[in-house]
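Asks: Would you be able to build a 3D model of this:
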Amino acid sequence: MSDSTVIDKQDSVVTVTDPAIDARAREKIVTARIGLLLKAPFFGQLTSRLELVNADAWCPTAATDGKRFYYNSEFIDKLPLRQCEFLAGHEVLHVVYDHLGRKQERDGRLSNIAADYCVNQDLIDQGIGEKINVVPILYDSKFRGWAYEEVYDYLFDNADKIDIDSLAEQLLDEHLEEEGEGGGAGDEDKDGKGRPKISAEEAKQIKDEIRGAVLSAAQSAGSGNLPSGVKRLIKDLTAPVIDWRELISQQIQSVYKDDYSFARVNRRGWHFDGILPGMKPGEMIDVCIALDQSGSILDEDSKAFLSEVKSIMESFEEYRITIWCFDTAVYNTKTFTSDNIEDIMDYELAGGGGTDFECNWDYMKEEGIEPKRFIMFTDGYPFGSWGDENYCETVWVIKGNETCEPPFGIWAHYEKEQQKKAA
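Replies: I've put the predicted structure just below:
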């Protein structure tokens with residue numbers, strides 16, 4: 001069969017499996033898996049864990065529920081081997097990206113179309129097998145780098161200008177649905193053709209299993225051999241978002257522990273006849289806070305941030321907080337301690353021009369300030385150097401710029417829901 005041959009997907013469905021065709025199809029899928037293990041180990045490992053299930057009775061091409069690879073034997077038999085590799089990768093990415101779980105209340109057809117656009121783009125970019133041309137598939141390079149939700153929103157917003165019926169006919173595979181309390185493979189749907197149902201419980205179990213498999217496969221393959229979407233997923237799995245207040249509290253506590261000493265007793269232990277370590281003589285928690293006032297940070301954001309910092313510091317006995325604002329220069333430096341911490345809410349914000357992160361380090365060096373921790377509340381747009389990573393320990397709290405990753409220090413994002421709680 002030539003690569004230009006076109007198959008009518010509906011005509012390819014057979015209700016009775018031809019054993020000879022099925023045997024060739026299974027052998028081709030296994031061979032494709034071996035090819036992926038050698039050339040694209042991330043995809044090879046994940047597709048090899050899927051149980052092969054003949055689905056001639058209901059599936060015109062292929063499908064997956066995360067545990068099983070459902071296939072139509074006649075369709076597979078007519079696919080060139082490298083296009084079979086592409087198909088295997090297609091099923092893998094649907095599972096990895098959790099397109100079923102991310103669908104939520106979205107329109108079914110548009111959701112499936114968006115998912116196929118994303119998956120096919122990644123496979124083509126990664127050179128996984130050969131783009132399928134035996135049947136039409138969804139591909140548009142303008143969606144390169146787009147997340148599934150972004151593609152869906154584009155399709156939804158332009159639905160009146162797009163031939164949705166035509167796009168739906170180009171879906172490469174069958175997209176299974178989660179259906180209440182149903183069982184797994186072998187359960188029949190209402191038309192009696194054996195289309196599997198996925199219970200909510202099984203879907204959750206599969207999702208949990210896939211997370212471990214994805215991490216293992218990614219580690220074996222190496223980050224340089226992963227699609228960008230998979231890299232983002234790995235980051236989410238291995239570096240979950242931390243509440244910025246928790247991050248600051250942890251950092252302050254780490255400083256506090258370093259400065260503990262039994263040479264000075266903490267008075268808070270007197271009431272239960274205990275002896276708690278106090279701060280070393282002449283030592284206290286010394287933190288500097290810089291508030292980015294370049295224009296994108298609202299005054300109410302900074303005030304809410306300071307309110308939370310005040311609450312965190314009040315759990316300690318001795319501390320010194322030095323605060324300033326900055327844009328391209330430093331303004332209004334004030335110091336607060338356990339004696340006047342209440343006054344922090346009256347701190348006057350200043351600035352509002354451009355942005356120069358470096359001015360903070362220049363200021364600290366000029367004034368001889370060497371804080372135990374330097375905390376910057378910012379939108380994460382330095383427009384130049386981020387600062388001197390070797391001068392002091394830096395903690396970034398970033399508002400709004402969700403993709404920002406500072407080149408040094410540790411950071412957390414000032415999430416919208418957290419803003420509401422802090423306000």
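Asks: for Gly101, what are its contacts?
Replies: Ala203, Lys207 (Cβ atoms under 8 Å, 6 or more residues apart in numbering). Glycine gets a C-beta too; all of them are placed from N, C-alpha and C.
Asks: and it, what helix or strand is that in?
Replies: Per DSSP states H and E: Gly101 is located in helix 99-103.
Asks: got it, and Trp396?
Replies: Going by DSSP H and E, Trp396 is in strand 394-399.
Asks: Against which helices or strands is that strand packed?
Replies: helix 244-258, strand 373-378, strand 410-414 (3 or more Cβ pairs under 8 Å, 6 or more residues apart in numbering; DSSP states H and E).
Asks: In TSV: the ones you listed, plus distance to Lys67.
Replies: Below are the helices and strands packed on strand 394-399 laid out as TSV (distance: least, Cβ to Cβ, whole Å):
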stretch	distance to Lys67
helix 244-258	36
strand 373-378	45
strand 410-414	34
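Asks: roughly how far apart are Tyr154 and Gln126?
Replies: 23 Å (Cβ to Cβ, to the nearest Å).
Asks: ignore the last one, Ala114
Replies: 19 Å.
Asks: Neighbour count for those two, which is higher?
Replies: Ala114 (29 against 18; other Cβ atoms under 10 Å).
Asks: OK, contacts around that one?
Replies: Per Cβ under 8 Å, 6+ apart, neighbours of Ala114: Tyr148, Glu149, Val151, Tyr152, Leu155.
Asks: Now the buried members of those residues.
Replies: Tyr148, Val151, Tyr152, Leu155 (16 or more other Cβ atoms under 10 Å).
Asks: now, which of the residues you listed sits nearest Pro19?
Replies: Nearest to Pro19 among the buried ones among the contacts of Ala114, counting by Cβ to Cβ, is Tyr148 at 38.6 Å.
Asks: Distance of the closest one relative to Tyr117?
Replies: Tyr148 is 8 Å from Tyr117, by Cβ to Cβ.
Asks: Likewise for Arg68?
Replies: The value you get for Arg68 to Tyr117, if Cβ to Cβ is used, is 24 Å.
Asks: Quick check on the two: which one has the bigger neighbour count.
Replies: A count of neighbours by other Cβ under 10 Å puts Tyr117 above the other of Arg68 and Tyr117, at 25 against 19.
Asks: then the helix holding Gly101 to CSV, C-alphas only?
Replies: Written as CSV, here are the backbone C-alpha positions of helix 99-103 (Å, rounded to 0.1, in the frame of the first residue of the first chain):
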residue,chain,number,x,y,z
HIS,A,99,-7.3,15.4,28.2
LEU,A,100,-10.2,13.4,29.6
GLY,A,101,-9.8,14.9,33.1
ARG,A,102,-9.2,18.4,31.8
LYS,A,103,-12.3,18.4,29.6
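Asks: C-terminal to that helix, what's the next element?
Replies: helix 108-126.
Asks: for the helix or strand that that following helix is followed by, packing partners?
Replies: Once the chain leaves helix 108-126, the next helix or strand it forms, by DSSP H and E, is helix 148-157. Other helices and strands packing on helix 148-157, by 3+ Cβ pairs under 8 Å, 6+ apart, are helix 99-103, helix 108-126.
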